[in-house]
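1. After the sequence you'll find the predicted model.
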Amino acid sequence: MDVARLPEQGGCAPRSKRGSPVFGQKTVRGMLANRFYIGDIVYKGDIVAAGLHEPVIARDLLQSVQDVRKKRR
């Protein structure tokens, strides 16, 4: 599965100046490390509130990704 194509399938498109049709590896990595996408509001590394926005990534998926990234370091 090409993870970079998943946002596109969900109706999101990258804002690429180079015309890339998919999100880049760096962008996807940032999304999977950013707690905002699971609905948390973070300030200086601390969760300060639950966001009013709908989460884009499931909390358990983000945790699984973090576990895999930690093992690969």
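-> Arrived safely, thanks for sending. Because the structure is a prediction, the values reported are computed rather than measured.

2. Can you list the buried residues in stretch 36-47?
-> 37, 38, 39, 40 (16 or more other C-beta atoms under 10 Å). C-beta here means a position set from N, CA and C on the backbone, and glycine is covered the same way.

3. Identify the residue nearest the geometric centre of this structure.
-> residue 31 (2.3 Å; C-alpha atoms, centre = their mean).

4. Alpha carbons only: can I get the helix or strand where that residue lies in PDB?
-> Assigned by DSSP states H and E, residue 31 belongs to helix 25-33. The C-alpha coordinates for helix 25-33 follow below in PDB (Å, rounded to 0.1, in the frame of the first residue of the first chain):
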ATOM      1  CA  GLN A  25       7.500  11.100   2.200                       C
ATOM      2  CA  LYS A  26       8.500  14.000   4.500                       C
ATOM      3  CA  THR A  27       4.900  15.400   4.500                       C
ATOM      4  CA  VAL A  28       3.400  12.000   5.400                       C
ATOM      5  CA  ARG A  29       6.000  11.400   8.100                       C
ATOM      6  CA  GLY A  30       5.100  14.800   9.600                       C
ATOM      7  CA  MET A  31       1.400  14.000   9.500                       C
ATOM      8  CA  LEU A  32       1.900  10.700  11.300                       C
ATOM      9  CA  ALA A  33       4.000  12.400  14.000                       C
END
